[in-house]
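Asker: Give me coordinates for this.
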Amino acid sequence: MVVVPRARHRYDPRSDTAAVGYGRWVARVRPGMVGGMPMRRMNSRLSRSSRQVVAGLVSALLVVGTVVTAPAAGAATFNSHLTRAPYLTDLVGSHVNVNWATDRSASTGSLQLGAVTSGTCNLTSTQAATRTSITVGSVAEYQWKVSLTLPAQGTYCYRPMLDTTDLLGSDPSPQFATQVPAGDPTPYSFAVFGDWGLTTASGNPDQSRLHSLIAASGVRFAVTVGDNGYPNGSQINYGDLQQSGADTSAIFGPSF
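Answerer: Coordinates of the predicted model:
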């Protein structure tokens, strides 16, 4: 795991900048900065190989997950076999990865996919998923991924499956839009946040509120600038939908 140097924080109750943080602690990131540290200063502190790793990570940060449509407020109705809710990464051009995790009650997974037309989700194809065995705390799980090449620009919807089980239950199908083509004058907005993924035995309501604001904001995608999953970035720190406690499920917990 590569960790970007932590952003330098300062307390600013009057901030009207495009920064987000827990409570009134905000992280300011300006052009030419990585994780709050000026690129020039950071380069002087890193070895040649480390700079190459960080440079690759910075490039990757520009193409991380797209914000998907959140279900309406209310109790979650996903299937109990789902351990990490589906999320997108690497949406570049016509390519996107759809990721999720489950228990090991079945060994085959797939993704139903289709276009959204006039606001209606039409699931017309199914793609097989690949799996990786992981252990979250002491729980054996499968991490699933489907790598998609989309046929055209537009808005799409999907549903992850474990064998024949619809993992989203009665929840609506998430939706996402393809990347805006280079040179397209259509305006859009995106969210940037980092230094997140901390939870105690009683949870982290500030983080939950932040995620709710992002989900309701209408942003096209989100970029996370690193330092995620406290305190060690381990599988149990990232967690799942079932386990909770101090330093547990700070990324994939049901409240986030």
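Asker: C-alpha only now, for contacts and for neighbours.
Answerer: OK.
Asker: what about residue 164, neighbour count?
Answerer: Neighbour count for residue 164, taken as other Cα atoms under 10 Å: 11.
Asker: those helices in the stretch 151-256 of the chain, which residues are they?
Answerer: 205-216, 235-238 (DSSP state H, counting those that start in this stretch).
Asker: Pick out the shakiest of these, pLDDT-wise.
Answerer: Ranked by mean pLDDT, the helices of the stretch 151-256 of the chain end with helix 205-216 at the bottom, a mean of 93.
Asker: Quick check: residue 192 vs residue 146, distance?
Answerer: For residue 192, the distance to residue 146 equals 25 Å [Cα to Cα, to the nearest Å].
Asker: winner for burial among the helices of the stretch 151-256 of the chain?
Answerer: Greatest average neighbour count among those goes to helix 235-238 (a mean of 22), per mean count of other Cα atoms under 10 Å.
Asker: about what we covered before: which of the helices of the stretch 151-256 of the chain sits closest to residue 131?
Answerer: Among the helices of the stretch 151-256 of the chain, the nearest to residue 131 by Cα to Cα is helix 235-238 (15.9 Å).
Asker: Quick one: list the elements packing against that closest one.
Answerer: Helices and strands touching helix 235-238, by 3 or more Cα pairs under 8 Å, 6 or more residues apart in numbering; DSSP states H and E, are strand 130-136.
Asker: tell me which strands and helices the strand it packs on is in contact with?
Answerer: Using 3+ Cα pairs under 8 Å, 6+ apart: strand 130-136 touches strand 139-149, helix 235-238.
Asker: Compare residue 192 and residue 146 (neighbour count), which wins?
Answerer: The neighbour count for residue 192 versus residue 146, taken as other Cα under 10 Å, is higher for residue 146 (20 against 15).
Asker: so the more buried one sits right up against residue 132, yeah?
Answerer: No - using Cα atoms under 8 Å, residue 146 is not in contact with residue 132; the gap is 11.8 Å.
Asker: nearest spatial neighbour of residue 133, skipping sequence neighbours?
Answerer: residue 142 (4.8 Å; Cα to Cα, 6 or more residues apart in numbering).
Asker: Alright, that wraps it up for me.
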